[in-house]
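Student: Provided below are the primary sequence and the corresponding predicted coordinates.
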Amino acid sequence: MKPVFIITAMLTLVTAGVALAVEETITLPASNGNVIFHHKEHENRLKDCTICHVKGPGKIEGFNKEWAHKKCVGCHWKDKISPTKCTDCHKKK
């Protein structure tokens, strides 16, 4: 029984560490203005990380401009949630 407890405790610590390591906001550089992604807000609203993180926690496999425009804007249009215009996300400083 002891090895099961140790493994469970280790998995709990690793999972908690990953959850705590996620930044509140993430800046995505773009030529027409950086996008500030509010990760915590999306996490709280969606409650399902696999919507974006198909293969589990961490970086999104295949993430690029096309992926973001299809997935992010597509989701916002589908759910009728702002922002949906280019300048709503892309902010020049």
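Tutor: Cool, got the structure.

Student: need the helices for the chain, in chain order.
Tutor: Under the criterion DSSP state H, the chain carries helices at the ranges 2-21, 39-46, 65-68, 74-78, 86-89.

Student: any low-confidence regions in this protein?
Tutor: Scanning the chain with the threshold set as pLDDT under 70 gives 1-22.

Student: Can you tell me the number of residues neighbouring I81?
Tutor: I81 has 10 neighbours, counted by other CB atoms under 10 Å. Backbone N, C-alpha and C define where each C-beta goes, glycine included.

Student: What of H53?
Tutor: 14.

Student: surely it meets K71?
Tutor: No: using CB atoms under 8 Å, H53 is not in contact with K71; the gap is 11.2 Å.

Student: any idea how far I26 is from G58?
Tutor: 13 Å (CB to CB, to the nearest Å).

Student: which residues touch the residue nearest in space to the middle of the chain?
Tutor: The centroid of the chain falls nearest to H39 when counting by CA atoms, centre = their mean (5.1 Å). Taking CB atoms under 8 Å, 6 or more residues apart in numbering, we find H39 in contact with V22, E23, E24, T25, I26.

Student: leaving aside the residues next to it on the chain, what's closest to the third one?
Tutor: In this structure, E24 finds its nearest non-sequential neighbour in K40, 4.9 Å apart by CB to CB, 6 or more residues apart in numbering.

Student: can you tell me how far that neighbour sits from K78?
Tutor: From K40 to K78 the distance is 22 Å (CB to CB).

Student: Likewise for I36?
Tutor: 22 Å.

Student: next one: T25
Tutor: 23 Å.

Student: Let me know how buried I26 is, in neighbour terms.
Tutor: By other CB under 10 Å, the burial measure for I26, its neighbour count, is 12.

Student: List the residues that contact it.
Tutor: Here I26 is in contact with I36, F37, H39 (CB under 8 Å, 6+ apart).

Student: ok, the first one touching T25?
Tutor: In this case it means I36. Yes: counting by CB under 8 Å, I36 does reach T25; the two are 5.5 Å apart.
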